[in-house]
Structure formats: structure tokens, C-alpha cells
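A.B. asks: Prediction below, plus the sequence it came from.
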Amino acid sequence: MSDKLTYITLKIWRQGGPDTPGQFEHHVIEEISEEASFLEMLDILNEQLIEAGKEAIVFDHDCREGICGTCSLMIDGKAHGPEKGTATCQLHMRKFSSGDTITVEPWRASAFPIIKDLMVDRAPLDRIVESGGFISAETGGAPDANLIPIPKPVADAAMDAAECIGCGACVAACPNGAANLFTGAKVTHLNLLPQGQAERYQRVEAMVETMDEYFGSCTNHGECEAACPKSISIDVIAVMNADYLKSKFKNRKKLSRT
Amino acid sequence: MSITLDSKIPAGPLADKWDEFKAHEKLVNPANKRKFKIIVVGTGLAGASAAATLAELGYQVDAFTFHDSPRRAHSIAAQGGINAAKNYKGDGDSVYRLFYDTVKGGDFRAREANVHRLAQVSVNIIDQMVAQGVPFAREYGGLLDNRSFGGAQVSRTFYARGQTGQQLLLGAYQQLARQIGMGGVKLYNRMELVDIVVVDGRAAGIVVRDLMTGEISSHSAHAVVLATGGYGNAFFLSTNAMACNVTAAWRAHRKGAAFANPCYTQIHPTCIPQADDFQSKLTLMSESLRNDGRVWVPKNPDDTRAAADIPEDERDYYLERIYPSFGNLAPRDIASRAAKRAVDNGQGVGPLKNGVYLDFADAINRLGQQTVKERYGNLFDMYERITGENPYEVPMRIYPASHYTMGGLWVDYELMTTVPGLYCAGEANFSDHGANRLGASALMQGLSDGYFVLPYTISNYLADWLNKPIPGTDHEAFKAAEQQASDRFRQFLSIGGTRSPDYFHRELGKIIWDYCGMERTAQGLEKALSEIPALYDEFQKDLRVTGTGDSLNQTLEKAGRVDDFFELGMLMCRDALVREESCGGHFRAEHQTEEGEALRDDENFAHVTAWEWSGDPMAPVEHREQLEYEEIQFQTRSYK
């Protein structure tokens, strides 16, 4: 049933390690089904490379359902490729045409050093969460789940922000390499909820300042929202900025009391 | 060394057993907890929740993940929801009802005491996750919403759109991240377990391979917790993530941990059918869709009309017809086999005639497209991205696929394996789901084990080891395990054959799917047991792993995982062969009712089969744990 693309040319970034120079490598793939996902196309290429005695191309991927956030790739200069609101693993070859040359690169951001080929190190995103992206509710003492009603619009808005998959596309797409969409999404998720109020201002202050240690500054380009596979709105950055500003008053008052 | 299976179920009435245990277990006082080191392998729901909670209690915790970040574990992909006996709907739910549904759903092959505890703590999980900020779906009054799921007649499933697993995992991950930030947990990422070290009959630590550098190193601890997920990728095509594997559990098995009920695998009824031979994985469409979608096939196998052109009376809504009281919400094993029968009968739909329809036309008429979109929007979008078809306009096509494994390392009531000091939590153990898992129960079990069971039971073991020295990583057993692991990976690199690890995985998966999939026969299993060793032999001679062992090499990682799947595949088939009955996900064609339903043999098979490693993957040693039912009477499982 499936229609096939007669051939496509891939221009792929290869790099042996963090400190070795990289270069583009060209591969032609013939007879690729439109039903194949982009990563399945890379699987096929890798199997051909291995059987020809060459080293497979390294790329990060796991769930292939667009939810784990492991996959990355700049495809023709766009984070996660041409389809809006879609992670690389959910991109299918039917979005391309026979004869296309597709350029495949790793995330490009100084906070995400290249590990090998198309794989980068996104650990600074974890550092931001570790600094405050949580509610300190230790196991055991939680009150009944229905004790505090949460208006549906609030719960829905928190959920919209909480959908972030932590892939780092926002950083890769940003000309400044800023992580404001990622950080803003987590701040918004937790700061909107009644359970998140106790730590609201410490949270935003700690997260923003950790973010600033690793990432560039936001200058409102909006590329992050366009690249986000979960279409998270840049409104979350506004929420974060507003809370960060307030934290500078609130936290100072708190400090002066202690 | 032979193993004994002591389930350590506390005495007393079923409903009091957990309280009884907690009242009398040994404790470690808060100041002494920091003297104990606990290793947790895996950072999914069970691993992250266990690591975070153990660190909160004061233990030193080392957590290991082979992902770049703990947030990637495949728990994240669970869509539909998490069960809890909250009875917020007032529709007759209770701890007993959830317990009963789970035992019945598992076709009377689960341990009563474990399941009852699971139902008891289910209510604490929801409280805990809400306190942590998990944005569960709510009603307009601000209270939590529930939906229905397969195998239950009450609404007890809490959900966060179609991303419940994501939100719960992120909740547990954030709690873990807090501990990492505060120094309570030391995280080792991109590290894969390659061996378990046992000294003087108890778990002494693990050997890991740094995926970035290939370096092999050892870590010692007072106790080791494996929370490393299931082995559904043995079938190659499954809904599991690409890296899901059996390696940690299998390495533990080879070091003395019994492996229980490996043939209990769950084939999920609602996945997107395979489109091509080179497909790398199958994608699940949440079971929650069966709340509003209707499953059907054309009555006439030769019908070539588009779905919308087939009139009502020429459609067979086979689940509603055969199982009127549960209808489209029949449990997974039952719905899967019914789909297989329809497709085998030639009534399959789609270009390859390998699916059945899941139709939302009625729901859209009844509720409006907007409501359907609110409930399932992200799933519909995902379906369209993968298939190129719009499910608001044409029915989805679905077919069963490997999804979850009920089998796993044998554990006692305290979640300890047959190796003292080695624990197993979440999908990796065998404990709570019997022969079939109900929907929305995997998240419940992972969090139950990690948050509310292990943190209690582990002190019962540790208390005896206070102020006693444990073997360090300079012990000869660690050195020997490191050497073996290095040799093993060097061996993969040196074979120099012609085929990639993926090639062998795909071929192995086909054998297991054909003979140990949705329907099994003695003859087929015998055949698999001759074909798998033959293919394994070829693997050992013709494998090609390019690249080197001292830098990141995904081909080499894969080779190790496929190697373990081979040995596991043999055990799955052996287990399916000796279980001469049908139950839950294990359907032996020789044992069925006249209507084609599973026919159990309670007299001879109401036991757990736990296998001991003998050194030869084709000759494991069988042990049995008899299942004693005090509270529940065996009955034929009917959803009609």
C-alpha cells in the first residue's frame, strides 16, 4: 500500500567526541516508505552502515511516541523538523518528497555540548529542576486529595504548562540559547497550583538564577514557542518574569524578618 | 545452591496483614539510617519514588539510570490513568472492590495479600501526587475527576489528559530532583547495569558500564533495588520504548534471583497496526479510548467499502455482542484475543487487513467534537501524525501489541527477591497482576512499591546489618564480575560477523511473537525452543558490532541487551510450555472453552512458576509457589 520515496539525500553531522572537529557526511537512501518515521529512516541507514562495517550514527531517542523528550535533531535548520507541534520521533517521511536533501544536525547551544554525532548533553535542564522545580511534599503526610479544590481553569492552565517534555528544542531554536520556555513552563505549572504557593517565590528565584548560570538571556524572539513539540505558549515566560520580579520584593521581606 | 520460595505473608486476616507487618517489622532509627547505603537501579515511577522516599527517610541513596535524565523512563508514556479506591464518585468502590477486581482481572494467579495491600495504599498515592502538584483532571467544582477503565464497573481512574504517566513520573522525578539537589541522592546517569554482585549469599552491589566511555565500575551497598521495568521488547515490536530491556533483571536471575511467570505477557488491544516490515515499534492508543470508541469489523470479510459506507446492520460490534455487560471495556486479554479472532477470520480492516475499527462517530454525534477533543485530543493528534488519517473523520484502526509484562523477578511480600538484600519493584517484579494486568494499574503498582511498600519493608532487612561491615568494591567478587563484563563486551566487538544486533532482535522477536504471543500451542512452543537456540548460535557467530568499546557505542549497548533477550526468550517459551492451562494473557489453544475463552486449571496450576538459573538457558530449574486463596473463591472469569 505504502507509497515510497525513490531516494533522499541526507547531509548528516558526524563528530567523534566533544573535543574533536566534526563534519557533514552525505548518504543517499533509496526506496524509503512514506509510512516510515524519520528515526526509522535513520535506523535503516544505521543498519546499512553496520553491515558495511562502518560505525552507526549516534542519536538520542527512546519512546518514539513524542513524550519522553529524549529525541532531538535539527532537521533542515528547524528543531524537531518541519511539522509544527511534533517531536522528531513522530515526524514521518510522508512530509518529505523524493529527491529532497535533508540536513540533520544536533541541537546547537553552548549549554548543550555535543557528546557524539547528533547527541548532546542536556544536563543543565536537570540542574534547573533540582534547584527548585518541585513542591517539597515528602512521602507520607499528604492530606486527602480532594481537600483543596482547584478550579478547573487553573488545573487546566497548570497542565498546559506541565506538558513540557524537557527535550531542549526551545533552547536549540533560540538565537540566544535561552531556556526560558523550559523554566517558565515548570514555574507556571507549580506556581499556579494552590499546593505550590508555599514555595512560590523561593522557587522562581532559585530556578531563574540557576538557569542564568548555564543559558543565554531571553530577548523575546518567540522561536521557542514555534519549535516546542508540545506548543507551550510563551505566556509561561511572562508568568515566570512576573513572579521573579515579585520574588525580589517578597523574598527580601522574608529575609529581613529572619 | 537451591532456592526456597518463602512468600513471608504475614499471619492474620487479609485486611489486617499490612498493618500487622508494619506493627512488628524491624526498624532502623533515624540517626542510624544514614549509615546505610542503598542502590536503586532505574528511575521510572517505582525507582524514582523509592529513591526519593528512602533519601527523605535518611538513607544514603545512589540512583542509576541509563538515560541522560531520570525523567526519560518509559513510565512517562502511560496514557490513560491510575486507579485508586477513593470512591469519590460514590459508585460502590472500596478497597475490597479494587482488590477483588485486580485478582479477578489477573485470572486468579496473583498473590492475595500483595494485591490487597496494593488496593489499600492506592488511596495514599493520589493524596501524595496531588500534594506534589500533579495536575490531575478536575471537574468544574474543583474536585478530582474520574473515568472508567477496562475490567471494572466503577469509575476509579484518575487521569491527566492522555498523559497521566508523564505527569506522575514528572512528579516523582521532581521529588527525586529535590533530593539530588540537597545531596540525599547521588545520581549516576547514562550508566547501565551489567552485573549484580552477590557475596556470601547476599546482594553486595552492582557493576555498571558508563555508556559515554565504556568504563566498567563497581558500586557496593547494603541493599540493591531493581526498578528496571518489563521485558516486552523481547517481541522486538512492542509499545515499549526502544531501550527497554531485561538486562538488569536477567543479570540478577543469573546470580540467583528466581524469575517468575515469564510467560505472562500482556498484549494490549489498542495499538496502531504495523504498517511495514522495518517498523521499529508500535504505538499504543490508550485504553481510555474504549470509554467512547466502539470496536467493530465488517461482517463480510470481503467487504471493501470505506467504513462510513458500511451500513449499521453489516457491522459486527463484536465486543458489545459477546460481552454485553462490559462491552467495549472488556479486559485487555479478552479484547485482544477477540480482535485476533476477527482478523484471523479475514474480517481485518486497513490496507494490510491487520486491524479492527475503533469508531468515534457515535461519540462525536452524542457529545460533540469539542468534548471528544477535550478528552482525547492529544491521542487523536498522535494517531493522525503516525497514520496520516484523521480519526474525527474515519475510524481509527487498531490491533493488539506487546505492552506490559506481568512476569518478572520473584519477590516475597517484602519485595525481596530470592537473593537476600536484592529487591525488585514496579513492572520488573511479578507480584501484583497475576496473569493479566487491568488498565491503569501499572502506575498504581509502581508508585505503591516505591512510595509506600519498599520504604517500610527494607528496614526489616537492614536492621540486622547495623554497624556490620559490608564487602567493598575491592572484594574479589566485584573484580571478577568487572572482568567478566569487560570480556563479554569485548567478545561482542570481536565476533566480526555480518549482521547488526537489530537484525537478530527482529528475527528473535518474530519467533517469540509467532509461538509465544497471543496464542500458544505445545507444538509451536517446542518449535520456538529449537529455533531460538539455533538463532542464538548464529548471533554468537555472525554478529557485527562496529565502533569501539571505549566511547559511546549504541550498537554495542544493543548487542548486550539482545544477548539477554535470547536467554529470556527461551525461558518464556519454556514457562508457556509447562503451564498446561490458559489464564489471562497466557492462552494455550489446547485449553479453551467451546466459546474460545481461556480455560484455567485451578487444581493443577494455581501456582507461581519461579525459575532458577542452572547455567544452561535451555535447562532452568522449576520451582512452585502455591497460591492460597483465603478470601476469594475461584470462579470462571466472565465479562459477559
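C.D. replies: Cool, got the structure.
A.B. asks: pLDDT score for residue B:1?
C.D. replies: pLDDT for residue B:1: 52.
A.B. asks: Surely residue A:49 and residue A:56 touch.
C.D. replies: Yes: with contact defined as CB atoms under 8 Å, residue A:49 counts as touching residue A:56 (5.4 Å). The C-beta positions use only the backbone N, C-alpha and C, and glycine is treated the same way.
A.B. asks: Which residues are in contact with each of these two?
C.D. replies: By the contact definition CB atoms under 8 Å, 6 or more residues apart in numbering or on different chains, residue A:49 and residue A:56 are jointly contacted by residue B:546.
A.B. asks: So these two - more neighbours on which side?
C.D. replies: residue A:56 (25 against 17; other CB atoms under 10 Å in any protein chain shown).
A.B. asks: before we move on, what SS does that one have?
C.D. replies: When classified by DSSP: H, G, I helix; E, B strand; the rest coil, residue A:56 comes out as coil.
A.B. asks: What strands line up against the helix or strand harbouring residue B:358, and which way round?
C.D. replies: Taking DSSP states H and E as the definition, one finds residue B:358 inside strand B:356-359. Strand pairing for strand B:356-359, determined by DSSP bridges: strand B:294-298 (antiparallel), strand B:396-405 (antiparallel).
A.B. asks: what about the residue of the stretch 51-200 of chain A found nearest chain B, which SS state?
C.D. replies: Closest to chain B within the stretch 51-200 of chain A is residue A:149: 2.8 Å, counting by CB to the nearest CB. On the three-state scheme (three-state DSSP), residue A:149 is labelled coil.
A.B. asks: List the contacts of stretch A:200-214.
C.D. replies: Here stretch A:200-214 has contacts from A:111, A:124, A:127-133, A:179-180, A:183, A:186-187, A:190-191, A:196, A:240, A:243-244, A:246-248, A:250-251, A:254, using CB under 8 Å, 6+ apart.
A.B. asks: how about 7 Å then?
C.D. replies: Contact with stretch A:200-214 is made by A:111, A:124, A:127-128, A:131-133, A:179, A:183, A:186-187, A:190-191, A:240, A:243-244, A:246-247, A:250-251, as judged by CB atoms under 7 Å, 6 or more residues apart in numbering or on different chains.
A.B. asks: Going through these, which ones are buried?
C.D. replies: When neighbours are counted using 16 or more other CB atoms under 10 Å in any protein chain shown, those contain these buried positions: A:111, A:124, A:127-128, A:131-133, A:179, A:183, A:186-187, A:190-191, A:240, A:243-244, A:247, A:250.
A.B. asks: taking the residues you listed one by one, which sit in helices?
C.D. replies: A:124, A:127-128, A:131-132, A:183, A:186-187, A:190-191, A:240, A:243-244, A:247, A:250 (DSSP state H).
A.B. asks: Within reach of chain B, which of those residues are there?
C.D. replies: Among these, the residues within reach of chain B (CB under 7 Å from any CB of the partner chain) are A:131, A:190.
A.B. asks: for chain B, what's the longest helix?
C.D. replies: Under DSSP H, chain B gives helix B:554-578 as its longest helix.
A.B. asks: Give me the contact status of that one with chain A.
C.D. replies: Yes: with CB under 7 Å from any CB as the criterion, chain A is reached by helix B:554-578 at B:554, B:555.
A.B. asks: Show me how chain A divides into domains.
C.D. replies: A:4-116, A:122-257 (automatic domain parsing).
A.B. asks: What are the buried residues along stretch A:97-113?
C.D. replies: Those buried within stretch A:97-113 under the rule 16+ other CB under 10 Å are A:102, A:104, A:105, A:106, A:107, A:108, A:109, A:111, A:112.
A.B. asks: ah, wrong one, I meant stretch A:53-72
C.D. replies: For stretch A:53-72, burial by neighbour count (16+ other CB under 10 Å) applies to A:55-72.
A.B. asks: Residues of the stretch 151-258 of chain A that sit close to chain B?
C.D. replies: Within reach of chain B by CB under 7 Å from any CB, the stretch 151-258 of chain A has these residues: A:151-152, A:155, A:158-159, A:162-163, A:166, A:189-190, A:193, A:195-196.
A.B. asks: change it to 8 Å
C.D. replies: A:151-152, A:155-156, A:158-159, A:162-163, A:165-166, A:189-190, A:193, A:195-196 (CB under 8 Å from any CB of the partner chain).
A.B. asks: nearest to residue B:591, of these?
C.D. replies: Residue B:591 lies nearest to residue A:165 out of those, by CB to CB, at 44.0 Å.
A.B. asks: now, which of the buried residues of stretch A:53-72 lie close to chain B?
C.D. replies: A:55-56, A:58, A:60-70.
A.B. asks: that older thread, which residues touch the residue of the stretch 51-200 of chain A closest to chain B?
C.D. replies: Neighbours of residue A:149 in contact, by CB under 8 Å, 6+ apart: B:138, B:141, B:142, B:143.
A.B. asks: Excluding sequence neighbours, find me the nearest residue to the first one.
C.D. replies: Across the structure, with CB to CB, 6 or more residues apart in numbering or on different chains as the measure, the residue nearest residue B:138 apart from its sequence neighbours is residue A:155 (4.4 Å).
A.B. asks: Which helix or strand contains that neighbour?
C.D. replies: helix A:152-162.
A.B. asks: And for residue B:23?
C.D. replies: Using DSSP H and E, residue B:23 falls in helix B:17-24.
A.B. asks: Could you tell me which residues within whatever helix or strand comes next after that helix count as buried?
C.D. replies: Using DSSP H and E, the helix or strand that directly follows helix B:17-24 along the chain is helix B:30-33. For helix B:30-33, burial by neighbour count (16+ other CB under 10 Å) applies to B:32, B:33.
A.B. asks: Next, the residues that contact helix B:30-33 from outside, please.
C.D. replies: Contacts of helix B:30-33 (CB under 8 Å, 6+ apart): B:57, B:58, B:59, B:466.
A.B. asks: do that again at 10 Å, thanks
C.D. replies: Applying CB atoms under 10 Å, 6 or more residues apart in numbering or on different chains, the contact partners of helix B:30-33 are B:27, B:54, B:55, B:57, B:58, B:59, B:60, B:459, B:462, B:463, B:466, B:467.
A.B. asks: quick one: which of those residues sit in helices?
C.D. replies: If you go by DSSP H, those have B:54, B:55, B:57, B:459, B:462 in helices.
A.B. asks: Next one: the third one from residue B:331, what distance?
C.D. replies: With distances taken as CB to CB, to the nearest Å, residue B:57 is found 37 Å from residue B:331.
A.B. asks: who's more crowded, those two?
C.D. replies: The neighbour comparison of residue B:57 against residue B:331 (other CB under 10 Å) goes to residue B:331, with 29 against 22.
A.B. asks: Could you look up the SS state of the residue nearest to that one when sequence neighbours are not counted?
C.D. replies: Closest residue in space to residue B:331, ignoring its immediate chain neighbours: residue B:151 at 4.0 Å, by CB to CB, 6+ apart. Put simply, residue B:151 is coil when judged by three-state DSSP.
A.B. asks: Check the burial of residue B:151 by counting its neighbours.
C.D. replies: If we define neighbours as other CB under 10 Å, then residue B:151 has 28 of them.
A.B. asks: Poorly predicted segments of the chain, please.
C.D. replies: Unless you meant another one, I'm taking chain A. Chain A contains residues with pLDDT under 70 at A:1-2, A:255, A:257-258.
A.B. asks: You answered for a different chain; I wanted chain B.
C.D. replies: Ranges of chain B meeting pLDDT under 70: B:1.
A.B. asks: tell me the secondary structure for the closest residue to chain A within it?
C.D. replies: Nearest to chain A, among the residues of chain B, is residue B:142, at 2.8 Å (CB to the nearest CB). Following three-state DSSP, the label given to residue B:142 is coil.
A.B. asks: quick one, what contacts it?
C.D. replies: A:146, A:148, A:149, A:150, A:151, A:152, A:153, A:154, A:155, A:194.
A.B. asks: need the residues of the stretch 201-350 of chain B near chain A, please.
C.D. replies: B:211-212, B:239-244, B:274-284, B:350 (CB under 10 Å from any CB of the partner chain).
A.B. asks: Among those residues, the buried ones, what's the PyMOL command?
C.D. replies: The buried subset of those, as determined by 16+ other CB under 10 Å, is captured in PyMOL by this line:
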select buried, chain B and resi 211+212+239+240+241+242+243+244+274+275+278+279+280+281+282+283+284+350
